[in-house]
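Colleague: need the 3D shape of this:
(one chain, ligands or ions: 1)
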Amino acid sequence: MRFLLPETPKASSRQRSTDLSDENFKRLIEAMHEGVLYSDNNDKILYVNNSFCELTGYSYDELVGRIYSDFLIAGKDRIMMESKVLLRKEGIGDQYELQILRKNGELVWTMVNGIPIQDDEEKVIGSMGTYSVITEVKKTEKRLKAINQELNTFIYKLSHDLRGPVASIKGLANLARTEILDPESLNYIELISKSVHRLDSILTDLLEIVRIKENAIYTESIAMETLVDSILHSISPQEDLKKMKFTIRVEAGLNFVSDKKILSAVIHNTIDNSIKYKDSTKDVNIFDLVICTYHTGIRIIVDDNGVGIPYNIHEKIFDMFYRGHIDSKGTGLGLYIVKNGVEKLGGSIHMESEPEIGTKFVIDIPTIFN
Ligand code: ADP
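Modeller: Sure thing, here's the model as predicted:
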C-alpha cells in the first residue's frame, strides 16, 4: 500500500495532452526529487510521494488521511492556503512560497506549484502540488537583503552628513559673490557655485532614493488637483516652466489613497524632464499632464514635444546615474526615482518616445487599500 497512487485523477485541461501511461506517470512521480502531495477539496491528504515524506519527516501512513492544513502549515500561512483552495476550486493553478512545519517542529521553506485536479465531468475534486525545498535560496535572499539595507543606510548617512558642509559652501559662495569685485575671481566663484549646486542635487536625489526604498509606505487620501498645484509651484526655476505651453487636466475632485511623498516625487521628476528636454528649435514647447481614474487607481500621462529619446537608449533611461543627452545637467537619477517610486506603490510605467518628436510617459498606480 505504501506509495500507491490513488486512482489517477484527471488533470486539468492544460496537463491532459500527455501520452504517458498511468504506470509510467506513477513511477515518474515516485522518482521525483520534489515532494508531491495530492489532496481532496477538504485538504485531506490522498497521496504523498517518498520525497514529500522525507521533506516533512512523517511516514506515508502518518500523512495520508489527515487534513494537511491542520499540522503541516504554519499558523501565519493558513489564511493564504485558504485562498489557494478557493483558486483550485475555480480551476486555477499557481506558484507560491510556503513554509512547511516538519514533524520535529522545524520550518522548511518550499516553492509550491499547485494545480487543480478534475474528474471526468471536469468537476474540481482536489489539488496536487509539487514542493521544492528553497531553504538555501531564502537564506541567501535574507543575507542579500541585509547587505542591501546596510548599503542604503550607508548612502543615507553619507548623503545626509555631506549636505551640511555643502550648504556652508553654497552660503559662502553667495557671500563671496556680493563681496568680490574682480571679474576673474567672480568667474571662479560662479563655477564653484554651479558645482556645489550639482553636488547638492545629487545628495538630495540619493536621499530621496533611500527614503523610497527603505521607508514604510504612509497612506493618506490625496486631493490630486492640490498636489499637482504644489508640484508645479515647486518646479525650479519657475521661469523654465513659464516658458512652456502646458495643459493640466486632472479629473475634477479626484481623491486618491497612496503615499503622497512618493507620488509627488514621481510626478515632479517626470514633469521636470519634459521641461529640461524641451526642443529649443521648436516654436512652441509643449507638455500635457493628464491624471484620471483608471481601474482601481489612477493613470498619469505626461506627454511632451521635446527632443525625444534616441531608440538605442530606451532600455537604459531608468538606470541609476544614466544620462542620455550629452548636455544633460541632471543627476541621472530622476527616472530611477520615478521607477522605484512607481514600483514601491505597486504601479507600472510605460514610455514611448520618438527623437525630435517627443516623449510620453504613462504611469498606472493602484489605490493602496490598508
Ligand atoms: P537626468 O538627470 O539626466 O535628466 P533622468 O534619470 O531624469 O536623468 O533621465 C535619464 C535620461 O532619460 C535623460 O538624461 C534623458 O536623456 C532621457 N529623458 C528622460 N526624460 C526625457 C524627456 N521627457 N524627453 C527627452 N529625454 C528624456
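
Colleague: low-scoring pLDDT stretches of the stretch 1-150 of the chain, where are they?
Modeller: Regions of the stretch 1-150 of the chain meeting the criterion pLDDT under 70 cover residues 1-21.

Colleague: check which helix or strand whichever residue of it sits closest to the ligand maps to.
Modeller: Of all residues in the stretch 1-150 of the chain, residue 148 sits closest to the ligand, at 20.9 Å by Cβ to the nearest ligand atom. For glycine as for every other residue, the C-beta is placed from the backbone atoms N, C-alpha and C. Per DSSP states H and E: residue 148 is located in helix 135-179.

Colleague: burial count for the closest residue to residue 58 other than its chain neighbours?
Modeller: Leaving aside its chain neighbours, residue 58 sits nearest to residue 103 (5.1 Å; criterion: Cβ to Cβ, 6 or more residues apart in numbering). Using other Cβ atoms under 10 Å, residue 103 has 14 neighbouring residues.

Colleague: just checking, residue 103 touches residue 56?
Modeller: Yes: counting by Cβ atoms under 8 Å, residue 56 is a contact partner of residue 103 at 6.2 Å.

Colleague: check contacts around the residue nearest to residue 58.
Modeller: Under the criterion of Cβ atoms under 8 Å, 6 or more residues apart in numbering, the contact list for residue 103 reads 56, 57, 58, 62.

Colleague: try it again with 10 Å
Modeller: For residue 103, the contact set (Cβ atoms under 10 Å, 6 or more residues apart in numbering) comprises 53, 56, 57, 58, 59, 62, 63, 71, 72.

Colleague: dump those residues to TSV, plus secondary structure.
Modeller: Converted to TSV, these look like this (DSSP: H, G, I helix; E, B strand; the rest coil):
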residue	secondary structure
53	helix
56	helix
57	coil
58	coil
59	coil
62	helix
63	helix
71	helix
72	coil
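
Colleague: what's the first helix or strand after the lengthiest strand in the chain?
Modeller: With secondary structure taken from DSSP state E, the chain has its longest strand at strand 107-118. As assigned by DSSP H and E, the chain's next helix or strand after strand 107-118 is strand 124-133.

Colleague: quick one on the thing from earlier: distance of the residue nearest to residue 58 relative to residue 351?
Modeller: 53 Å (Cβ to Cβ, to the nearest Å).

Colleague: and the gap between the residue nearest to residue 58 and residue 261?
Modeller: Noted for residue 103: a distance of 48 Å to residue 261, by Cβ to Cβ.

Colleague: and for residue 346?
Modeller: Remark: distance between residue 346 and residue 261 (Cβ to Cβ) = 16 Å.

Colleague: and residue 347, by the same measure?
Modeller: Between residue 347 and residue 261 the computed distance is 15 Å (Cβ to Cβ).

Colleague: higher neighbour count, the two?
Modeller: Shown here are residue 347 and residue 261; by other Cβ under 10 Å, residue 347 has more neighbours (19 against 16).
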